[in-house]
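Chemist: sharing a sequence plus its predicted fold:
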Amino acid sequence: MAKARCPASCGELIQGWVLGGEKLISCPVNWFSEVSVTDGVPGKDERPRMRQMVKIVLAYFGLSVEMARGLRISFTSTIPVAKGLASSTADIAATALATARYLGETVDETTLASFCVQLEPTDSTLFSQLTLFDHQTGKTQIACDWQPPIDILLLESPATLITADYHRLNRHPTLLENAAMLEHAWKLFCQAVATRNCLRLGEATTLSAQANQKLSVKPAFDSLLELVERSGIYGLNVAHSGSVVGLLCDRRHHDVEYLCWWLKHRGVTRFYPRQHLLTMIPGGVR
């Protein structure tokens, strides 16, 4: 048996038209999908793209895709699906590395990314560093040498959005309209990395979230911006092709109980009835 696991993402730190095309930087958090590959009969509960990924890996190593018939894929994941938490990327990226390990092989992150984008738009959670990534072609991979010491109060909405449906929308005119905002967000992000400044990072993520309101409206967004100002937390981020929102903070210095009280007091929890206190972690498939 061979295993691998990949983290979820609390939406994106930024996403939009950056450096000449649509790109994103995922926000890996301590929530995982774990996949195992072993000899056996295929089960009924596996997710469809997992088996497609097994075949991609087999072909990459020059083996017959018919070998997949004798492999069993098992997985454990409590990551909510269709919420913008990168559950699908976590599933297929972990499947790819588990399959490679089963074969006695390994793959680097760039190769892993090339596998994943063959199947679907892919989150940059599969990179160990925060990475600006062309999630549709995999061609742009700009790594950032900083792991922000940030906690995230993730606000989960019951609303769902299938990423493939989102990418079928005619988003191009709005992406171009927002391009100047996203270029500024990218510059702020680079400044945050260079100076190790969490507040500057929050400025970048909040700006990207504001631009995204034209594409995917998040309920009570103005109230959430008010909470950022009142509480002094770093900022907020959103799932640009999903429904979750993250409040970026540091549980050592910010009053998380106050944040939860304020959300309930202002009626925001009727839109986001579940909250999860998570930590931003390095990405990468383990």
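Modeler: Okay, I see it.
Chemist: could you point out which element follows the helix or strand bottoming out on mean pLDDT in the chain?
Modeler: The weakest-scoring helix or strand in the chain, judged by mean pLDDT, DSSP states H and E, is helix 163-168 (a mean of 68). Per DSSP states H and E, the first helix or strand lying C-terminal to helix 163-168 is helix 172-177.
Chemist: nearest spatial neighbour of residue 63, skipping sequence neighbours?
Modeler: Distances taken as CB to CB, 6 or more residues apart in numbering put residue 103 closest to residue 63, at 7.4 Å, once the chain neighbours are dropped. Every residue, glycine included, has its C-beta placed from N, CA and C.
Chemist: for the one you found, give its distance to residue 37.
Modeler: 9 Å (CB to CB, to the nearest Å).
Chemist: who has more neighbours out of the two?
Modeler: Each of residue 103 and residue 37 has its neighbours counted (other CB atoms under 10 Å); residue 37 has more, 29 against 16.
Chemist: helices and strands around the helix or strand where the more buried one lies, which ones?
Modeler: Taking DSSP H and E as the definition, residue 37 sits inside strand 21-39. Strand 21-39 sits against strand 2-18, strand 71-77, helix 87-102, strand 130-133, strand 151-156, strand 274-279, with contacts defined as 3 or more CB pairs under 8 Å, 6 or more residues apart in numbering; DSSP states H and E.
Chemist: point out the other helices and strands that the fifth one packs with.
Modeler: Strand 151-156 is packed against strand 21-39, strand 245-249, helix 256-265, strand 274-279, with contacts defined by 3+ CB pairs under 8 Å, 6+ apart.
Chemist: and the angle for the second one with strand 21-39?
Modeler: So that's strand 245-249. In terms of direction (axes from the mean of the first three to the mean of the last three CA atoms, to 10 degrees), strand 245-249 departs from strand 21-39 by 100 degrees.
Chemist: also the third one?
Modeler: Counting by the same axes, to 10 degrees, helix 256-265 lies at 110 degrees to strand 21-39.
Chemist: residues making contact with helix 256-265?
Modeler: Residues outside helix 256-265 that contact it (CB atoms under 8 Å, 6 or more residues apart in numbering) are 151, 153, 155, 227, 230-231, 233, 247, 249, 268-269, 272, 275, 277.
Chemist: chain center to that helix: distance?
Modeler: Distance of helix 256-265 from its chain centroid, counting by CA atoms, centre = their mean, to the nearest Å, is 25 Å.
Chemist: now do the buried residues in that helix.
Modeler: By neighbour count, with 16 or more other CB atoms under 10 Å as the criterion, the buried positions of helix 256-265 are 256, 259, 262-263.
Chemist: now do the longest one
Modeler: Of the residues in strand 21-39, those buried under the neighbour-count criterion (16+ other CB under 10 Å) are 22-29, 31-37.
Chemist: which one of the residues you listed is nearest to residue 74?
Modeler: residue 36 (4.8 Å; CB to CB).
Chemist: now that closest one, which residues is it bridged with?
Modeler: Taking DSSP bridges as the rule, residue 36 bridges to residue 3, residue 74.
Chemist: ok, it touching residue 75?
Modeler: Yes. Counting by CB atoms under 8 Å, residue 36 touches residue 75, with 7.4 Å between them.
Chemist: count of residues packed around residue 6?
Modeler: Using other CB under 10 Å as the criterion, the residues surrounding residue 6 number 33.
Chemist: and if you look at residue 87?
Modeler: Residue 87 sits with 24 neighbouring residues when counted by other CB under 10 Å.
Chemist: might you report the residue contacts of it?
Modeler: Residue 87 is in contact with 8, 33, 77, 79-81, counting by CB under 8 Å, 6+ apart.
Chemist: what does the pLDDT read for it?
Modeler: In this model, residue 87 is scored at 97, pLDDT.
Chemist: dump the contacts of residue 87 to a markdown table, plus distance to residue 54 and pLDDT.
Modeler: Listed next are these as a markdown table, based on distance: CB to CB, whole Å; pLDDT from 0 to 100:
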| residue | distance to residue 54 | pLDDT |
| --- | --- | --- |
| 8 | 21 | 98 |
| 33 | 15 | 98 |
| 77 | 17 | 96 |
| 79 | 20 | 97 |
| 80 | 24 | 96 |
| 81 | 20 | 95 |
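Chemist: name the nearest of the residues you listed relative to residue 96.
Modeler: When the contacts of residue 87 are ranked by distance to residue 96 (CB to CB), residue 33 comes first, at 12.0 Å.
Chemist: could you list the domains of the chain?
Modeler: What the TED database lists as the domains of the chain is 2-142, 146-279.
Chemist: so what's the gap between the shortest one and the chain middle?
Modeler: Put plainly, it is domain 146-279. 13 Å.
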